[in-house]
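Student: Need a 3D model of the sequence below.
(one chain, ligands or ions: 1)
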Amino acid sequence: MSEYLQKIAQAMVAPGKGILAADESTGTIGKRFESIGVENIESHRRAYRDMLFTTRGIGQTISGVILYDETLKQKSADGTSFVELLNKNGILPGIKVDAGTKNLPLCKGELITEGLDNLPKRCQEYVQLGAKFAKWRAVITIDQNLPSSTCIKANAEALARYAAICQEAGLVPIVEPEVLMDGEHTIDRCEAVTEATLHALYEALYAYRVSLEASVLKPSMVISAKNCPQQASVEEVAQRTVRILKRTVPAAVSGIVFLSGGQSDALATAHLNAMNLLGTHPWPLSFSYGRALQQACLKVWKGQVANVPAAQAALAHRAKMNSLASLGRYQSSME
Ligand code: 13P
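Tutor: Numbers count the residues shown, from 1 in each chain. A predicted model of the protein is given here:
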């Protein structure tokens with residue numbers, strides 16, 4: 001089993017490829033639809049994902065797609081299931097298995113991700129439906145006195161338990177500890193918190209016997225907070241991010257795919273490219289973007305059938321730019 005999972009993990013970070021995060025929950029996709037004036041109903045969600053997955057040539061730049069429970073069970077307009085459609089294009093279907101975040105008791109302002117109850121059973125069902133990998137997102141909030149060590153530890157333990165359950169069921173776990181970029185904190189703070197978070201995560205993964213070779217890390221970048229007056233340069237973000245990854249992530253991990261976390265499309269691409277220009281790293285560094293891949297496409301689409309070709313072209317362009325960035329071959333002039 002472990003050898004099989006390792007092969008899947010390696011395919012997820014194949015050279016020049018990254019992951020499309022299309023696993024927005026019904027609530028989250030509703031917010032995205034609201035921004036373009038599209039009603040959040042099942043047929044619209046299905047049509048939107050159908051457009052993403054039928055983009056011509058997308059399998060050349062995208063190795064896997066993270067789906068949401070509803071999407072994993074939906075079909076393309078011609079009756080082909082999304083899972084089958086992705087498989088035909090050489091794309092691995094993945095599934096978000098966490099149940100979202102709740103307040104962490106006695107830790108004001110902090111969150112814990114839920115969804116461990118029944119997870120072995122749900123993972124078995126997802127394997128039956130054709131999923132090859134899974135995702136679980138933990139959230140770490142930075143504030144003057146946050147995060148607490150309780151929050152870092154509780155989320156690391158939950159990620160580790162999730163990862164172990166996935167591997168036992170036959171799914172490659174993407175472990176995603178997201179340090180939020182909301183607030184005013186400096187890049188120094190982000191670096192210290194991200195380093196502590198990753199240390200705790202890899203300690204927990206070891207304790208829970210998770211095979212690192214059969215896992216993929218999805219971290220946030222070390223970055224200045226959205227409202228920090230001093231915004232770090234692209235080079236500084238790249239250097240600091242790679243520095244702490246080297247300190248904390250064992251070389252055995254199959255690959256690292258970043259989340260975009262609210263960065264603009266072009267900046268998320270530039271950061272990834274700059275990291276890959278810093279030399280050869282112990283692991284492939286690629287992308288698993290949600291918003292930074294879909295934003296442009298969503299804006300062009302607006303829920304209109306007539307806009308589908310142009311919207312697909314926007315998605316294909318972003319995927320191509322990020323594919324080049326994962327190889328250190330992106331230039332902003334290509335935009
Ligand atoms: P963003 O790239 O929009 O942060 O989404 C990635 C993701 O999967 C968050 O869990």
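Student: Which of the three states applies to the residue of the stretch 101-250 of the chain found nearest the ligand?
Tutor: For the stretch 101-250 of the chain, the residue positioned closest to the ligand under C-beta to the nearest ligand atom is Arg137, at a distance of 4.2 Å. For the C-beta atoms, the positions are set from N, CA and C on the backbone; glycine is no exception. What DSSP: H, G, I helix; E, B strand; the rest coil gives for Arg137 is strand.
Student: Would you agree it is in contact with Glu114?
Tutor: No - using C-beta atoms under 8 Å, Arg137 is not in contact with Glu114, being 11.3 Å away.
Student: Once you drop chain neighbours, what's closest to the residue of the stretch 101-250 of the chain closest to the ligand?
Tutor: Glu176 (4.3 Å; C-beta to C-beta, 6 or more residues apart in numbering).
Student: residues making contact with stretch 232-241?
Tutor: For stretch 232-241, the surrounding residues in contact (C-beta atoms under 8 Å, 6 or more residues apart in numbering) are 187, 191, 221-224, 267, 270-271, 274-275, 277-278.
Student: Show me just the buried residues among those residues.
Tutor: Neighbour counting by 16 or more other C-beta atoms under 10 Å classes 187, 191, 221-224, 267, 270-271, 274-275 among the contacts of stretch 232-241 as buried.
Student: and these near the ligand, which?
Tutor: By C-beta under 6 Å from any ligand atom, no member of those lies near the ligand.
Student: From the ligand, how far out is the residue lying closest to Phe82 once chain neighbours are set aside?
Tutor: Excluding its sequence neighbours, the residue lying closest to Phe82 (C-beta to C-beta, 6+ apart) is Gln74, at 5.4 Å. Using C-beta to the nearest ligand atom, to the nearest Å, Gln74 is found at 19 Å from the ligand.
Student: Kindly state the pLDDT recorded for Gln74?
Tutor: Looking at Gln74, its pLDDT stands at 98.
Student: Return the residues in contact with it.
Tutor: Gln74 sits in contact with 46, 49, 81-82, where contact means C-beta under 8 Å, 6+ apart.
Student: Rounded mean pLDDT for the helix or strand where the residue nearest to Arg137 lies, please.
Tutor: Using DSSP states H and E, Glu176 falls within strand 172-179. Strand 172-179 comes out with an average pLDDT of 99.
Student: what's the following helix or strand after that strand?
Tutor: helix 187-207.
Student: that older thread, format the buried ones among the contacts of stretch 232-241 as JSON lines; extra columns: pLDDT and secondary structure.
Tutor: Listed next are these as JSON lines, based on pLDDT from 0 to 100; DSSP: H, G, I helix; E, B strand; the rest coil:
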{"residue": "Ile187", "pLDDT": "98", "secondary structure": "helix"}
{"residue": "Glu191", "pLDDT": "98", "secondary structure": "helix"}
{"residue": "Met221", "pLDDT": "99", "secondary structure": "coil"}
{"residue": "Val222", "pLDDT": "98", "secondary structure": "coil"}
{"residue": "Ile223", "pLDDT": "98", "secondary structure": "coil"}
{"residue": "Ser224", "pLDDT": "98", "secondary structure": "coil"}
{"residue": "Leu267", "pLDDT": "98", "secondary structure": "helix"}
{"residue": "Ala270", "pLDDT": "98", "secondary structure": "helix"}
{"residue": "His271", "pLDDT": "98", "secondary structure": "helix"}
{"residue": "Ala274", "pLDDT": "98", "secondary structure": "helix"}
{"residue": "Met275", "pLDDT": "98", "secondary structure": "helix"}
